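Novice: sequence below, structure please.
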Amino acid sequence: MEARFKNFISKNNLLADCSKLLLAVSGGPDSLAMLDLFYKFRKDFELDIAAAHLDHMFREESAAEADFVENFSKKKGIKLFRRQVDLPEIVNRNNLSAEAAAREVRFDFFKEIIAGYNYDLLALAHHRDDQAETVLLNLFRGSGLQGLSGIRPTAEFNGIKVIHPMLKFSKKEILEYCEENDLKPRFDSSNQKNIYSRNIIRNKIFPVVEKKINNKAKEVIARTSNLLAAENEFLEKLTFQKYKKILKNKSDNEIVIDLNKFENIDQVLQRRIFRQIYKQLNENLDGLYLEHIFEIEKLLSNHKTGRGVDIASGIRVVISYSDLVFLKKDKLLLELTNKIEIKSGKIIEIDKKRSLTAEIIEKKDFSFSENPQQAAFDYDKLNLPLFIRNRKIGDKFRPLGMSGKKKVKDILIDKKVPKYERDQLLLIVDSEDNIIWLAPYKIADNYKISQETDKVLILRLKYN
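Specialist: Now for the predicted structure:
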């Protein structure tokens, strides 16, 4: 087992660029065997190892388990991070499931240690039996190849890089190792209670399957998960190649793809593209389900510009002409509740993301700028004071170079400004509510600079 342990780590390159490794240790046979193996090979791997134990206070014996892990670590000279959390109280206060709450506080604990002490990786002791249970659990809940690939040797959770070095071994092998090495692990009594989905699979389903169908069912399922993982990886690479070809614009808050090109891609890859985009905006796939994919497909069946649908994690998907836009709703600019007066020489804070400055200069000192966030006007033609406001229904003005007035709405449509952006745009108006600038698209012809201009007002819009 020791040789296979080293070989699995080497074959999967689990410790690449890792000099400090944090191990999650519950005191059970799986994590205790993992800790013992890494302790034995710490010099071979050139590793500084430490253990982390979180007492959830869910069971009477949990404090004793924490003491056991501390004593075990102390005997071997392994640094231990130990914390006690009243999980039952957290579950009741936040109305969470015990499993979800435990996972959240556990990873918050690990993340704090890793950030504070500069550990490179977190090692979790999931084994081959866990792999088989995970695959079945994902299958029963509804999953694609990603879920049926199960637990991978390397992964990332909540920004933490994780390795699973025990995946090669069955529970039976781990128990035998613990006995041979006199580790005396502790056993979680809740594992025998069939109140959790995973326990039902472990205690009810697998015994029947192994007795009636295949006594190596766990091994077979684990092997199948590896095959599916390879196929999933291939499809992900193909998806990314397609995605790069249809990507038009990308930022931390918004991703825009070419809808016409997208529609020529097979539906299997389309759905994967949705997942890749969601993951880039949300940093993980948490909260995204097949129902959300169906909602996007329903949106696309109408293909009407301006239509949108909210999926998960505050992400909205919108059709905008020939584009499909994925954006974070909380990053959208807010509409103004009241108009804001513009005062020269001062920075006007419009909201947390936008500001505007006004400067009056002599005509002789002025030169035109191609910056769309800047506009210049004949100061003497303006009816002061000026104000900033959002657009209203029926807004119209005479754009530069035109002989008649035009609706703001029509200008924005001509410019193909996405509908979700239109209500965020700013209008600069005079004291009589005449529009002088539809920022950053058009200024009004009435206030343009001419040969007779003496003073120039320059307005500069800035995005923070």
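
Novice: which elements pack onto the helix ranked longest in the chain?
Specialist: Taking DSSP state H as the criterion, the chain has its longest helix at helix 217-246. When contacts are defined as 3 or more CB pairs under 8 Å, 6 or more residues apart in numbering; DSSP states H and E, helix 217-246 sits against helix 128-141, helix 145-148, helix 206-212, strand 254-258, helix 259-262, helix 267-282. All C-beta spots, glycine's among them, are computed from the backbone N, C-alpha and C.

Novice: what's the first helix or strand after that helix?
Specialist: Next in sequence after helix 217-246, counting helices and strands by DSSP states H and E, comes strand 247-250.

Novice: give me the residues contacting that next one.
Specialist: Defining contact as CB atoms under 8 Å, 6 or more residues apart in numbering, one finds that strand 247-250 is touched by 255, 256, 257, 258, 280, 323.

Novice: kindly report the same for stretch 372-382.
Specialist: Stretch 372-382 is contacted from outside by 360, 366, 368-369, 428, 430, 436-437, 439-441, 443, 446-450, 452-463, using CB under 8 Å, 6+ apart.

Novice: of the residues you listed, grab the buried ones for ChimeraX.
Specialist: This is the ChimeraX syntax for the buried subset of these, where burial follows 16 or more other CB atoms under 10 Å:
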select :428,430,436,437,439,441,443,446,447,449,453,456,457,458,459,460,461
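
Novice: in strands, which of the contacts of stretch 372-382 fall?
Specialist: Here DSSP state E is the test, and the contacts of stretch 372-382 give 360, 428, 436-437, 439, 443, 455-463 as lying in strands.

Novice: redo the contacts of strand 247-250 as CSV? Include distance to residue 181 and pLDDT.
Specialist: Below are these laid out as CSV (distance: CB to CB, whole Å; pLDDT from 0 to 100):
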residue, distance to residue 181, pLDDT
255, 51, 95
256, 57, 95
257, 54, 97
258, 59, 97
280, 45, 93
323, 61, 92
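
Novice: out of those, who's the most crowded?
Specialist: Counting neighbours by other CB atoms under 10 Å, the top entry in these is residue 255, with 23 neighbours.

Novice: please tell me how far the nearest residue to it once chain neighbours are set aside sits from residue 379.
Specialist: Leaving aside its chain neighbours, residue 255 sits nearest to residue 326 (4.7 Å; criterion: CB to CB, 6 or more residues apart in numbering). When CB to CB, to the nearest Å is the yardstick, residue 326 and residue 379 sit 43 Å from each other.

Novice: how about residue 385?
Specialist: 13 Å.

Novice: low-confidence ranges in the stretch 101-250 of the chain?
Specialist: 195 (pLDDT under 70).

Novice: name the element residue 284 belongs to?
Specialist: Using DSSP H and E, no helix or strand contains residue 284.

Novice: list the contacts of it.
Specialist: 156, 157, 158.

Novice: what values do phi and psi take at it?
Specialist: phi -160, psi 180 (degrees, to the nearest 10).

Novice: repeat for the one 5 residues further on
Specialist: Torsion angles at residue 289 (phi, psi; degrees, to the nearest 10) stand at phi -120, psi 170.

Novice: helices of the stretch 51-200 of the chain, start to end?
Specialist: Using DSSP state H, counting those that start in this stretch, the helices of the stretch 51-200 of the chain run over 62-76, 87-94, 98-117, 128-141, 145-148, 171-180, 197-200.
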